[in-house]
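Chemist: I'll drop the sequence and a predicted model, then ask my questions.
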Amino acid sequence: MLKPLSLLLSNVIRTGDLTIVDPKGARHRFGDGTSPSICAEIADRRLEWHLVLDPEMAAGEGYMNGRLRITQGNVYDFIALMMQNMAARPLPAYAQWFAKLRSWLRPLSQFNPASRSRRNVRHHYDIDPRIYDLFLDPDRQYSCAYFADPTMSLAEAQAAKKRHIAAKLTLAPGQRVLDIGCGWGGLALYLAQAADADVTGVTLSDEQIKIAIGRAQAIQQGRAPRFQICDYRSVEGPFDHIVSVGMFEHVGLPHYGTFFKTVARLLSPGGTALIHTIGRTDRPAGTNPFIARYIFPGGYIPALSEIMKAVEASGLIVTDVEVLRLHYAETLLAWRRRFLANRPAAIAIAGEEFCRMWEFYLAGSEAAFRFQNFVVFQVQLARRIDTLPITRDYLAERESGLPLSKPEGDRPQGIAAGR
């Protein structure tokens, strides 16, 4: 094994049991021998050097293309062991050079004008739609679920998330709602049917809009939402309520001011907005390079301080901030288990390399929510300070009046029942 790589691993891996098999077949053990025991094989010297110089990118790419093989334990065990140790002993300064460079280049890498935003969205969401059938719940909720009860299934927790958000919006029948980044339409359908709201959903994904429109057209009774391909900056208002779930991560740091000024422009004076986004509890940092290149180009996980700076400049008032801790870790665990259970189908659809990339993404994301200070923020906003009740008691009251189960007809076309 290269001496710099051995020194790096010796410095970082102090707990656990990690064995690395180098390209010559020699075994090198790191940690204190406590379980779990993980063994990984490095296929060539080039990957060794890559791991020394840019470990975050090298581990993901190496696993994706089969040059880093986990022969004992699984990829989640490997990533979790690394992250747990790095939480106590960060990578040495020389190994953080690329991370620091990426942090400095955040404004450039997250510059997302409308044309680039659409390309970035299509990169992730316009893949073969059958992939999402393999690991999401039947409603295709592709964001953090809300485990109001730890015994909830994934589908139940996703339904609870929609109900929780609806309660925070304080909807009344017939009110106009904008769903920015509506995905496959599940939340918009819920708000239209369960709260009798007049909902408009916008997305930049061609595949998502097809399914969302199909779902709306299938509604037999009650309100059906409208869906359209549209950048949030081009939407015309006003709306009584605005919601955005899992889209803010794609806005890009240089555009936070524009995003919240747009929300303020579109929101009626007595309206409420709810922004549900992944965030970090520590100081700002760059995006994981593997995720940025292969999974979510242009994506960024903000610190709360970065969000609040833009909110303050918009004229909006922060009325509530809820921090969902570990809910996304449990969501990702459920997704990862479902994906692995359907792995043969995924290989038939997209091939082995894609599956390994997706496994690394799901495993790394889950570990990040357990060991790297990632959480979900639900930021409630208003234009007037007297818009909402002055205590939070109304939330439980409103939730109790909303259905937890999905309304009739609220299933995406092409998704098998019971999966």
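Modeler: Nice, I can see it.
Chemist: list the helices and strands the longest strand along the chain packs on?
Modeler: Ranked by number of residues, the top strand in the chain under DSSP state E is strand 267-280. Under the contact criterion of 3 or more CB pairs under 8 Å, 6 or more residues apart in numbering; DSSP states H and E, strand 267-280 touches helix 154-169, strand 239-245, helix 304-314, strand 374-382. No exception for glycine: its C-beta is placed from N, CA and C like everyone else's.
Chemist: tell me the average confidence for the shortest one?
Modeler: With pLDDT averaged residue by residue, strand 239-245 scores 98.
Chemist: mind checking which helix or strand the residue lying closest to Asn74 once chain neighbours are set aside is in?
Modeler: Closest residue in space to Asn74, ignoring its immediate chain neighbours: Ala363 at 7.6 Å, by CB to CB, 6 or more residues apart in numbering. Using DSSP states H and E, Ala363 sits within helix 352-371.
Chemist: what does that helix rub up against?
Modeler: 59-60, 63-66, 74-76, 79-80, 83-84, 87, 131, 135, 288, 290-291, 294-295, 326, 328-329, 332-333, 335-336, 339-340, 343, 346-347, 374-375 (CB atoms under 8 Å, 6 or more residues apart in numbering).
Chemist: looking at those residues, which are in helices?
Modeler: Among those, the ones falling in helices (DSSP state H) are 59-60, 63-64, 75-76, 79-80, 83-84, 87, 131, 290, 328-329, 332-333, 335-336, 339-340, 343, 346-347.
Chemist: now restrict these to buried residues only.
Modeler: 59-60, 63-64, 75-76, 79-80, 84, 131, 290, 328-329, 332-333, 335-336, 339-340, 346 (16 or more other CB atoms under 10 Å).
Chemist: related to what we said a few turns ago, give me the distance from the helix holding Ala363 to the chain's centre.
Modeler: 12 Å (CA atoms, centre = their mean, to the nearest Å).
Chemist: that helix: which residues count as buried?
Modeler: Within helix 352-371, the residues that count as buried by 16+ other CB under 10 Å are 354-371.
Chemist: please apply the same query to stretch 205-224.
Modeler: In stretch 205-224, counting by 16+ other CB under 10 Å, buried: 205, 207-209, 211-213, 215-216, 219, 223-224.
Chemist: using PDB, list the CA coordinates for it.
Modeler: Only the C-alpha atoms of stretch 205-224 are listed here, as PDB (Å, rounded to 0.1, in the frame of the first residue of the first chain):
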ATOM      1  CA  SER A 205     -38.600  17.800 -15.100                       C
ATOM      2  CA  ASP A 206     -40.300  16.400 -18.300                       C
ATOM      3  CA  GLU A 207     -40.700  12.900 -16.700                       C
ATOM      4  CA  GLN A 208     -42.200  14.300 -13.500                       C
ATOM      5  CA  ILE A 209     -44.700  16.500 -15.300                       C
ATOM      6  CA  LYS A 210     -46.000  13.600 -17.400                       C
ATOM      7  CA  ILE A 211     -46.800  11.600 -14.400                       C
ATOM      8  CA  ALA A 212     -48.200  14.500 -12.400                       C
ATOM      9  CA  ILE A 213     -50.600  15.500 -15.200                       C
ATOM     10  CA  GLY A 214     -51.700  11.900 -15.600                       C
ATOM     11  CA  ARG A 215     -52.500  11.700 -11.900                       C
ATOM     12  CA  ALA A 216     -54.500  14.900 -12.000                       C
ATOM     13  CA  GLN A 217     -56.500  13.700 -15.000                       C
ATOM     14  CA  ALA A 218     -57.300  10.500 -13.300                       C
ATOM     15  CA  ILE A 219     -59.100  12.300 -10.400                       C
ATOM     16  CA  GLN A 220     -62.800  11.300 -10.500                       C
ATOM     17  CA  GLN A 221     -64.100  13.600  -7.800                       C
ATOM     18  CA  GLY A 222     -63.000  16.600  -5.800                       C
ATOM     19  CA  ARG A 223     -60.400  19.200  -6.900                       C
ATOM     20  CA  ALA A 224     -57.500  18.300  -9.200                       C
END
